[in-house]
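K.L.:
I'd like to go over a predicted model; first the sequence, then the structure.
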Amino acid sequence: MAEQQYLKRNFSLSLLDGITYFMGMIFISFENVIPVYLVQLGARPFWISLIPAIRNIAVFIPSIFIVRKIQGLNQQKGWIIKSGLFQRLPWLLSGLFCFFFASAHPRAAVFSIMLAIFLNNLGGGLSIPSFSYFTAKTIPVSLRGRLFALRNLISYFFGILCGGLITWLLTNIAFPRNYAVIILTGFGILMIYLPAFLFQVEPDARKTVDSSDESLKDFFIHLRDVLAGNRDLQNYIAGRVFYTLGFSAYTYFAVYLVDKFNLPGSSVGLFAILTAATFLLVNPVLGIVADRMGHLFNHIAASLLLAASTGIAVFSDSYIVSLSIMVLGAAMMCIQNVSFFALPMEFGEDHDIPLYSGLIGLFVGASSLLIVLFALLAEAYGYIPVFAVCFFLSFISLFFFKRTEDPRKRVAELLGDA
């Protein structure tokens, strides 16, 4: 079969895509580089607080509306390449605008960055269902945990060097062009995805869906029936919703530390190094855990890390202790990269993966509108009340994750019965 014949090539190229994506996003980090840049351009806390809302809405809500199209494609590669360009090109345009015009027009530069964040994540939202389906067709379930972990591990091995380069650029190029160069560097690395996908071999879909067979109304009725008939899916979606709301705290960690301890802007280089080092240490463990114990186990760990990091942010006055929130936040990012997109792949058959991915994304994206309330709270009272709310939300997410049965266990039981 094509899957086995080309497995080594597909695994290697998929690994390359993941490595270059995560390396590129070190330079365009929504948790470290971008928030600090926006603050130095004069953006108020309200705009920083909008980043997670914009990200989640743009990533998750569009997915459900393209599910039928994705399911009807025999090949996913072309769609991934097109949506990938849509996802990456905004950073080229924003980086060039900031390089030439940010000094004279800082507000316009802030707008260009916020627009790039929205378009970048919208492109991601259009790509995720197709990417999930593509991965399911080309990489067997027994290797996915290791694939996602290796992507993170190798990319953040180089990420330590990236953090050093970020520090050098911030120190040796005048503001605001230094950040523009960082963004453009990230864009260049992100574009390596193009050959990584072009040379993969994708088998035809095992089952296709003719989108003309049902109306949009019938499609949403089908989604309702899928959700109503699966209590574990309901609990999982609830856990994801509350976790996503709580995880928005990570966006504020860097600017909070810079402000509280009066750190220089070049501290984002240190934050990037801490993030990379955390990925190097944590990812090998996460990949093994995901393959042996299931991705849901990692979700539970993420909720506990969220509680620990937000608790430290609220109660600690020590710089060293407070700095650990960047490490804990990076560990949560590791878990999301390894397990949060992988687990929905296991709720249904391969051809249903876009549906489950889109359904989960619909609820996560719609609920992210509530993050706007965090923006108002941060603007009025600062970041500590936001961290306190997110601390509470972490335990609600933990409750629902604990009530969810790992879908891999259900599949194993069915195979045992057979």
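P.N.:
Perfect, I can see it now. Small disclaimer: the values here were computed from a predicted structure and weren't measured.
K.L.:
which regions of the stretch 101-250 of the chain lie under the pLDDT threshold?
P.N.:
Residues of the stretch 101-250 of the chain that meet the criterion pLDDT under 70 lie in 205-214, 216.
K.L.:
can you pull out the helices in the stretch 301-418 of the chain?
P.N.:
319-335, 353-367, 371-381, 384-402, 407-417 (DSSP state H, counting those that start in this stretch).
K.L.:
mind listing residues that contact the fourth one?
P.N.:
Contacts with helix 384-402, where a contact means C-beta atoms under 8 Å, 6 or more residues apart in numbering, come from 49, 235-236, 238-243, 245-249, 252, 296, 299-300, 303-304, 306-307, 310-311, 313-314, 374, 377-378. Where C-beta positions appear, they are placed from N, C-alpha and C, glycine not excepted.
K.L.:
which among those count as buried?
P.N.:
Applying 16 or more other C-beta atoms under 10 Å to these, the neighbour count classes 49, 235-236, 238-243, 245-249, 252, 296, 299-300, 303, 306-307, 310-311, 313-314, 374, 377-378 as buried.
K.L.:
on that earlier part again, go through the helices of the stretch 301-418 of the chain and pick out the most buried.
P.N.:
helix 353-367 (a mean of 24; mean count of other C-beta atoms under 10 Å).
K.L.:
give the other helices and strands that that helix contacts.
P.N.:
For helix 353-367, the packing partners by 3 or more C-beta pairs under 8 Å, 6 or more residues apart in numbering; DSSP states H and E come out as helix 45-65, helix 67-71, helix 106-138, helix 216-228, helix 231-247.
K.L.:
going on from the helix or strand harbouring Leu165, what's the next piece of helix or strand?
P.N.:
Element membership of Leu165, judged by DSSP states H and E, is helix 141-172. Downstream of helix 141-172, the first helix or strand assigned by DSSP H and E is helix 177-190.
K.L.:
what are the contacting residues of that following helix?
P.N.:
With C-beta under 8 Å, 6+ apart, helix 177-190 has contacts from 20-21, 23-28, 33, 37, 40, 88, 91-92, 94-96, 98-99, 102-103, 165-166, 169-170, 172-173.
K.L.:
now the helices and strands packed on helix 353-367 in CSV, with distance to Leu184?
P.N.:
Listed next are those as CSV, based on distance: least, C-beta to C-beta, whole Å:
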stretch, distance to Leu184
helix 45-65, 20
helix 67-71, 31
helix 106-138, 12
helix 216-228, 40
helix 231-247, 28
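K.L.:
ok, which of the ones you listed comes nearest Leu355?
P.N.:
Among these, the nearest to Leu355 by C-beta to C-beta is helix 67-71 (5.2 Å).
K.L.:
buried residues, the following helix or strand past that closest one. List them.
P.N.:
Downstream of helix 67-71, the first helix or strand assigned by DSSP H and E is helix 77-101. By neighbour count on 16+ other C-beta under 10 Å, the buried set for helix 77-101 is 77, 79-80, 83-84, 87-92, 94-95, 97-99.
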